[in-house]
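>>> Compute the structure for the input listed below.
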Amino acid sequence: MNAFWVFLSVIAFGLLHSLLASLTAKALARQWLGRRLADGLYRLFYNLVAALSVLPPLALAVLLPDGPALWRLPAPLLFVTIPLQLAAVAGMIVSLWRVDLPRFVGVRQLLRLLVNYPDPRDLPVLRTDGVHGWVRHPLYFFSLVLIWLLPVMTPNFLALNVGVTLYFWIGSIYEERKLVREFGEVYRAHQARVPRLLPWLSKSPGARRREQPRPPRDIDSRAS
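Prediction:
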């Protein structure tokens, strides 16, 4: 039963996170606060809420009474899984840095609001090379590697992992709809070439060539 509450808390986090990430929420913020103030504050507000709302699922998984271990990785295997987890953490850092970490967090937008200075780096940039040429959502992929290679899996943490995986899977679908609206055929070409969450679920080269559309010329060159 405790595992159910852990899973439910992850679902609640995912719903709140997805709601705040929606274009409707951003449009309402602009309507209530004005475009300049909303654009300067919303991303930072969104990330602060995400950071705070992820704490209850983690706390429940740790603090609620848990059942016996469902499985334990044998000690020799830890010499493989621990380096993979460390590599996943490094991959998460690289992924965040490549998408412009200050902009991703919302600091750049806040500074622009405070000093009232237009920064060309505020323009959205689509990364399709490096780790983003391997999997379309590397931050999600590396997070999944990290959580599923835990050395000991209990019912609470299994519920947490299943909920997070489900959120990543469904959330990435809605996120991609926004990316298609933002980048158009350039992102559709990226979708045709690169797997969404799992890099080994790739399409054959022939299928990629058939499905890849020609990017329009008026797309920002930094998005390719």
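>>> I figured residue 137 hits residue 171, correct?
No - here residue 137 lies out of contact with residue 171, judged by Cβ atoms under 8 Å, at a distance of 9.1 Å. Where C-beta positions appear, they are placed from N, C-alpha and C, glycine not excepted.
>>> Return the set of buried residues in the helix or strand containing residue 30.
Assigned by DSSP states H and E, residue 30 falls within helix 23-33. Buried residues in helix 23-33, counted by 16 or more other Cβ atoms under 10 Å: 26, 29.
>>> And stretch 172-179, by the same measure?
172, 175, 176, 179.
>>> Can you flag which of these belong to helices?
The helices, defined by DSSP state H, take in 172, 175, 176, 179 from these.
>>> ok, the first one to residue 87 distance?
In this structure, residue 172 and residue 87 are separated by 21 Å, where distance is defined by Cβ to Cβ, to the nearest Å.
>>> and if you look at the last one?
Distance from residue 179 to residue 87, counting by Cβ to Cβ: 26 Å.
>>> ranges for the strands of this structure?
Counting by DSSP state E, the chain has strands at residues 71-72, 152-153.
>>> from the chain's centre, how far out does the first one sit?
This points to strand 71-72. Put simply, strand 71-72 sits 28 Å off its chain's centre (Cα atoms, centre = their mean, to the nearest Å).
>>> Can you list the strands that it pairs with?
Looking at strand 71-72 with DSSP bridges, its partner strands are strand 152-153 (antiparallel).
>>> Any idea how far the partner strand is from the middle of the chain?
With Cα atoms, centre = their mean, you get 24 Å for strand 152-153.
>>> Check the average confidence over that strand, would you?
What strand 152-153 shows for mean pLDDT is 96.
>>> same deal with stretch 10-30?
Average pLDDT, stretch 10-30: 92.
>>> Not counting that stretch itself, show me its contacts.
For stretch 10-30, contacts defined as Cβ atoms under 8 Å, 6 or more residues apart in numbering pick out 38-39, 42, 46, 49-50, 53-54, 56-57, 159-160, 163-164, 166-167, 170-171, 174-175, 178, 181.
>>> ok, now which ones touch residue 170?
residue 14.
>>> quick one: it from residue 10, how far?
Look at residue 170 and residue 10: by Cβ to Cβ, they are 12 Å apart.
>>> hmm, back to that, and the helix holding residue 30, how far out from the chain's middle?
22 Å.
>>> same thing with stretch 134-144?
Worked out by Cα atoms, centre = their mean, stretch 134-144 lies 8 Å from the chain centre.
>>> What are the buried residues along that stretch?
Result for stretch 134-144 [16+ other Cβ under 10 Å]: buried residues 135, 136, 137, 138, 139, 140, 141, 142, 143, 144.
>>> between those residues, which is nearest residue 91?
residue 142 (4.0 Å; Cβ to Cβ).
>>> Run a quick check on the closest one versus residue 96, I expect a contact.
No - in this structure, residue 142 is not within contact of residue 96 by Cβ under 8 Å, at 10.0 Å.
>>> quick one, what contacts the residue nearest to residue 139 when sequence neighbours are not counted?
Once flanking residues are discounted, residue 139 sits nearest to residue 95: 4.5 Å by Cβ to Cβ, 6 or more residues apart in numbering. Residues near residue 95 by Cβ under 8 Å, 6+ apart: 131, 132, 138, 139, 142.
>>> For residue 39, give its distance to residue 155.
Note on residue 39: its distance to residue 155, by Cβ to Cβ, is 43 Å.
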